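K.L.:
Here is a sequence together with a model predicted from it:
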Amino acid sequence: MTKNVPEVLTIAGTDSGGGAGMMADIKTMQMCHVFATGVVTGVTAQNTLGVQAALPLPTAIIDQQFQSVANDFTIQAVKTGALFDQERVACVAENLRKYHFGPLVVDPVMVAKGGAKLLTDAAITTLVQELLPLADVITPNLPEAQVIVNRQLTTEADIWRACTDIQAMGAKNVVIKGGHLTHQVNHDFVLLANGRQLTLTGDWVNTRRTHGTGDTFSSLVVSQLAKGQELVDTLQTAKTFLNTILQDEIIVGHGHGPLNHWGAEHTNVQI
Ligand SMILES: Nc1ncnc2c1ncn2[C@@H]1O[C@H](COP(=O)(O)OP(=O)(O)OP(=O)(O)O)[C@@H](O)[C@H]1O
Ligand SMILES: Cc1ncc(COP(=O)(O)O)c(N)n1
């Protein structure tokens, strides 16, 4: 028996600890039954306790990976994760303008859970000017949204205004993940391209095993879009998937443990 499967691309850094970055992306994509390809932007020596070292890759090998993927695969949706610095952000944006990979989800990763920087301050302007206008969906968490709009976001009204401002910068659909708003509220704020606002809600899960939540969320969105699911349904699926797997912990590592990507198997989460 032969069959076609949707092909997707993640452009991200690796995590030797397996819980975040490209590793979390591929695990999520695998669970969604799409075929994952990857352009590695940099390598991190990392575990659940933190990031011990990071090495951005030369742009020549990033360019070559794009070319290798583009020459052989029919990519239906693509996401970006950790891009490290200005040079790599510009390189990725240039390649995304050159090749047509379908809907682009930009996860503007800036800081790892343990506090290590995964994007230099100097790269923020390049990200806003070059990558953000290409995004069909952008998924900043609250601290990332604050950096993008360059002001504190305290109230829900502040967050909705930030969604509008980020949309005005060129991203079509904006999702500000509100997990960092307080430690009990778990709303994500969505401003769709047509101006409609919606809130994704879910119970707060009291766990410290949250390494890779952002990567998993954006990878779920990319995978479901590649399979043809509508954006609103896709976002709701991503939220439910995260909520479900956060409640089904696996004991791995000694710090902020990774998610259990099998956790939605045998549940009614449809992916
Ligand atoms: N403890 C939790 N309980 C329930 N949902 C959570 C929890 N932590 C994160 N989420 C959800 O997971 C999704 C990813 O959000 P989060 O804010 O963690 O992303 P992030 O900070 O970008 O992640 P990362 O630090 O991995 O890049 C959101 O929908 C968020 O509400
Ligand atoms: C290579 C890479 N990409 C992304 C993250 C963010 O994930 P988290 O904030 O959960 O540590 C990370 N830690 N490492």
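P.N.:
All right, it came through fine. Ligands and ions are numbered 1, 2, ... in the order given.
K.L.:
Just give the nearest non-adjacent residue to P103, would you?
P.N.:
D136 (4.3 Å; Cβ to Cβ, 6 or more residues apart in numbering). In this view, the C-beta of every residue, glycine as well, is placed from N, C-alpha and C.
K.L.:
count of residues packed around the closest residue to ligand 1 within the chain?
P.N.:
Evaluated by Cβ to the nearest ligand atom, the chain has G214 as its residue closest to ligand 1, separated by 2.4 Å. Here the number of neighbours of G214 (other Cβ atoms under 10 Å) works out to 24.
K.L.:
could you list every residue that touches it?
P.N.:
D107, V109, T139, N141, K177 (Cβ atoms under 8 Å, 6 or more residues apart in numbering).
K.L.:
Same check on M31?
P.N.:
When contacts are counted by Cβ under 8 Å, 6+ apart, M31 touches H261, W262, A264, E265, I271.
K.L.:
Let me have those in TSV, extended by secondary structure, pLDDT and neighbour count.
P.N.:
Below are the contacts of M31 laid out as TSV (DSSP: H, G, I helix; E, B strand; the rest coil; pLDDT from 0 to 100; neighbours: other Cβ atoms under 10 Å):
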residue	secondary structure	pLDDT	neighbour count
H261	coil	98	23
W262	coil	97	12
A264	coil	95	22
E265	coil	94	13
I271	coil	92	19
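K.L.:
rewinding a little: quick one: mark the members of the contacts of G214 that sit in strands.
P.N.:
For the contacts of G214, membership in strands holds for K177, with DSSP state E as the criterion.
K.L.:
what's the closest of the contacts of G214 to ligand 2?
P.N.:
Compare each of the contacts of G214 with ligand 2 using Cβ to the nearest ligand atom and the shortest gap goes to V109, at 4.6 Å.
K.L.:
ok, the closest residue in space to the closest one that isn't next to it in sequence - how many residues close by?
P.N.:
If you skip the residues right next to it in sequence, V109 has A82 as its closest partner in space, 4.5 Å away by Cβ to Cβ, 6+ apart. Residues contacting A82 under the criterion other Cβ under 10 Å number 28.
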